[in-house]
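K.L.:
predicted model and sequence below, questions to follow.
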Amino acid sequence: QKKVEEWATAATTVLPLGSWYAHVCARDNAGNWSVATTAGPYLIGDPADLSLTLTDDADPIHVNGTVSYTATFGNGGPSLAPSATLELTLPAGLGLVSSVPGEPVCSASGGDLKCALGDLAASGGGTVEVTAKALPGTKGLQSINARLRAATSDPALGNNSATQTTLVKFVKGDLQDDWA
């Protein structure tokens, strides 16, 4: 380990939305410079406390059957949650039928749905409804995953994601779907 002889500079980098990193440059006895960045980002001000739950309306369903999911999100504050987004990922056995809201708030790409919720006020919240269809050949448990994010810190990240599992059952007459 080298002894640090001289501190060259210490600075902070202010990032958008009130967070920062600290950068420190140092030179050792051999004249070599190094840069260290402290853990961060650190929030200047109060955080937002995002939360998310995910439920389904029908369980079990059969092949070609539909299921609706409700993602309920909120911000417990005390601060605004800027640029909030909700991302939902459908499993390969479920196909997206629709979402409310739809375009331009929520946009689909493959089995993913991304909703740009905008700035979420403290104590604010809402819902996104997603309807999916069990695709031919699908059987067993199908899990949809959701994650809520914002461009701020959150002291309780454990409640920012949710998973809901729906059982797709084989029903007499579905065999032709498996062979299609």
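P.N.:
Yes, it's here.
K.L.:
nearest the middle, which residue of this protein would you pick?
P.N.:
Computing the C-alpha centroid of the chain and ranking residues by CA atoms, centre = their mean puts residue 147 first, at 2.6 Å.
K.L.:
quick one: the helices in this protein?
P.N.:
Secondary structure of the chain (DSSP state H): helices located at 175-179.
K.L.:
in it, where is pLDDT below threshold?
P.N.:
Low-confidence segments of the chain (pLDDT under 70): 1-27, 33-45, 171-180.
K.L.:
again, only using 50
P.N.:
The chain contains residues with pLDDT under 50 at 1-20, 39, 42-43, 176-180.
K.L.:
show me where it has strands.
P.N.:
With DSSP state E, the ranges of strands along the chain come out as 4-15, 19-28, 33-37, 42-43, 50-56, 61-62, 66-75, 81-89, 94-100, 106-109, 112-120, 125-134, 140-149, 161-169.
K.L.:
export these to JSON lines and tack on distance to residue 155?
P.N.:
To be clear about C-beta, it is placed using only N, CA and C from the backbone, and glycine gets the same treatment. JSON lines is the format used below for these (distance: least, CB to CB, whole Å):
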{"stretch": "strand 4-15", "distance to residue 155": "18"}
{"stretch": "strand 19-28", "distance to residue 155": "14"}
{"stretch": "strand 33-37", "distance to residue 155": "22"}
{"stretch": "strand 42-43", "distance to residue 155": "9"}
{"stretch": "strand 50-56", "distance to residue 155": "10"}
{"stretch": "strand 61-62", "distance to residue 155": "37"}
{"stretch": "strand 66-75", "distance to residue 155": "12"}
{"stretch": "strand 81-89", "distance to residue 155": "12"}
{"stretch": "strand 94-100", "distance to residue 155": "30"}
{"stretch": "strand 106-109", "distance to residue 155": "27"}
{"stretch": "strand 112-120", "distance to residue 155": "16"}
{"stretch": "strand 125-134", "distance to residue 155": "17"}
{"stretch": "strand 140-149", "distance to residue 155": "14"}
{"stretch": "strand 161-169", "distance to residue 155": "15"}
